[in-house]
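Student: Whatever this is, show me its structure:
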Amino acid sequence: MKLFAFIASSLLYLIPVALSVSSKPDKFEQYQSVSRVAPIQLDDLSYDDITSKPRDYHAVVILTAMEARFGCVLCRDFQPEFDLIARSWNKGSKPDDLKLLFGTLDFNNGKATFQRLMLQTAPVLLVFPPTVGPYAKVDDSPLRFDFSGPVSGDQIYAWINRHLPDGPKPPLVRPINYMRIASGITVLMGAVTLFTVLSPYILPIVRNRNLWAAFSLIAILLFTSGHMFNHIRKVPYVVGDGRGGISYFAGGFSNQFGMETQIVAAIYAVLAFSTIALAMKAPRIVDHKSQQVAVVIWGVVLLGTYSFLLSVFRAKNGGYPFFLPPF
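Tutor: Now for the predicted structure:
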């Protein structure tokens, strides 16, 4: 009877203890209930607890220094992106057995942790793999991401997902920026209204053939004279000729100087306007003598300019076979 009474009293004592232990939520549920959307705000004690072994979950912790006196602009810029990552993960659909906690440890709340980890810079992102369960890893040391510059939330989210088990994961969902949409609609409506009001004055200018012809001719002169070549090769404007003078033209057809491009563009412009004058302006002159004088003048200008162009070709390459008087 004494033995029976001892066993009964022991059972009565152990059953409540076992029930209380079984009813106590595990560590993941405990921290998940603290912050179901945003990252968990940690201190030294909670950081040690959330990263302690054993753990059947992944833990992503960012160590940051948010106060202005630390001058960590990158910390303040990335914190909204980290909040977005945590919110997208916690709200999205994922496998039930894939557990992941997000936490933020600021320097003011975790000085001992910063000293223990010997951190000299912030922010630093740590990913702790599980030590027990189906996704446990043999090497349970945390993965570390050091920020060397501005990083977007998409890049960090992709980096975290690469170190998680394979399978479906929630996408990174950015909230709709209604202010940007409203601003865009307002600007668009203002542009349409402005164009409607100014169209009687703008359309004649836009449809002007002479204006388009001038723009086209300027663009053709720039590109045929080697303007893009100068930007690509970063050629000098002029160079010395070794005798105290200046060389305006580079030797060889594969080389040129900046001023050479401008001179050639001016030659092409004179040739173009001479041709236009002979083809369009001269025939419209009513007086025959004036017309003859105009044809002679523009013809001489065309001949002299083209002769000078051929002499430039000969100066760049002595083997060039063509020339035209007077040059």
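
Student: Only C-alpha atoms from now on, for both contacts and neighbour counts.
Tutor: OK.

Student: what about the helices in the stretch 101-250 of the chain?
Tutor: Under the criterion DSSP state H, counting those that start in this stretch, the stretch 101-250 of the chain carries helices at the ranges 111-117, 153-162, 178-206, 209-224, 227-233.

Student: Quick one: closest of those to Ala272.
Tutor: helix 209-224 (8.6 Å; CA to CA).

Student: List the buried residues of that closest one.
Tutor: Leu221, Leu222 (16 or more other CA atoms under 10 Å).

Student: got it, and stretch 73-83?
Tutor: Buried, per 16+ other CA under 10 Å, within stretch 73-83: Leu74, Cys75, Arg76, Phe78, Gln79, Glu81, Phe82, Asp83.

Student: Contacts for that stretch next, please.
Tutor: For stretch 73-83, contacts defined as CA atoms under 8 Å, 6 or more residues apart in numbering pick out Ala38, Pro39, Thr64, Ala65, Met66, Ala122, Pro123, Gly149, Pro150, Val151, Ser152, Gly153.

Student: let's see 6 Å
Tutor: Ala38, Thr64, Met66, Pro123, Gly153 (CA atoms under 6 Å, 6 or more residues apart in numbering).

Student: Repeat that for stretch 254-273.
Tutor: For stretch 254-273, using CA under 6 Å, 6+ apart, the contacting residues are Leu221, Ser225, Gly226, Val235, Pro236, Tyr237, Val238, Tyr248, Phe249, Ala250, Leu302.

Student: Which ChimeraX command selects the buried ones in those residues?
Tutor: Here is the ChimeraX command that picks out the buried ones among the contacts of stretch 254-273, judged by 16+ other CA under 10 Å:
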select :221,225,226,238,248,249,250,302
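
Student: hang on, the earlier thing: restricted to strands, list the contacts of stretch 73-83.
Tutor: Thr64 (DSSP state E).

Student: Just give me the closest of the contacts of stretch 73-83 to Phe327.
Tutor: For those, the nearest to Phe327 is Gly153 (67.3 Å; CA to CA).

Student: who's in contact with the closest one?
Tutor: Glu81.

Student: could you measure it against Glu29, distance?
Tutor: Gly153 sits 26 Å away from Glu29, taking CA to CA, to the nearest Å as the criterion.

Student: And for His58?
Tutor: 13 Å.

Student: more crowded one of those two?
Tutor: His58 (24 against 13; other CA atoms under 10 Å).

Student: List the contacts of the more buried one.
Tutor: Leu100, Phe128, Pro129, Pro130.

Student: Tell me which entries of the residues you listed lie within strands.
Tutor: Leu100, Phe128.

Student: Any regions of the stretch 1-150 of the chain where pLDDT drops low?
Tutor: Scanning the stretch 1-150 of the chain for pLDDT under 70 picks out the ranges 1-25.

Student: cutoff 90 now
Tutor: 1-38, 53-54, 68, 70, 91-98, 120-121, 133-141, 146-150 (pLDDT under 90).

Student: Please report how far the nearest residue to Ala277 once chain neighbours are set aside lies from Phe308.
Tutor: In this structure, Ala277 finds its nearest non-sequential neighbour in Trp298, 7.2 Å apart by CA to CA, 6 or more residues apart in numbering. For Trp298, the distance to Phe308 equals 15 Å [CA to CA].

Student: What is the nearest of the contacts of stretch 254-273 to Met280?
Tutor: Leu302 (14.8 Å).

Student: so what's that closest one up against?
Tutor: Leu271, Ser274.

Student: Same question for Val37.
Tutor: Taking CA under 6 Å, 6+ apart as the test, what Val37 contacts is Arg87, Asn90.

Student: any idea how far Ile50 is from it?
Tutor: Applying CA to CA to Val37 and Ile50 gives a distance of 17 Å.

Student: Ser35 too?
Tutor: 14 Å.

Student: more neighbours, those two?
Tutor: When Ser35 and Ile50 are compared on other CA under 10 Å, the one with more neighbours turns out to be Ile50, at 23 against 15.

Student: what about the more buried one, distance to Val60?
Tutor: Taking CA to CA, one finds Ile50 at 10 Å from Val60.
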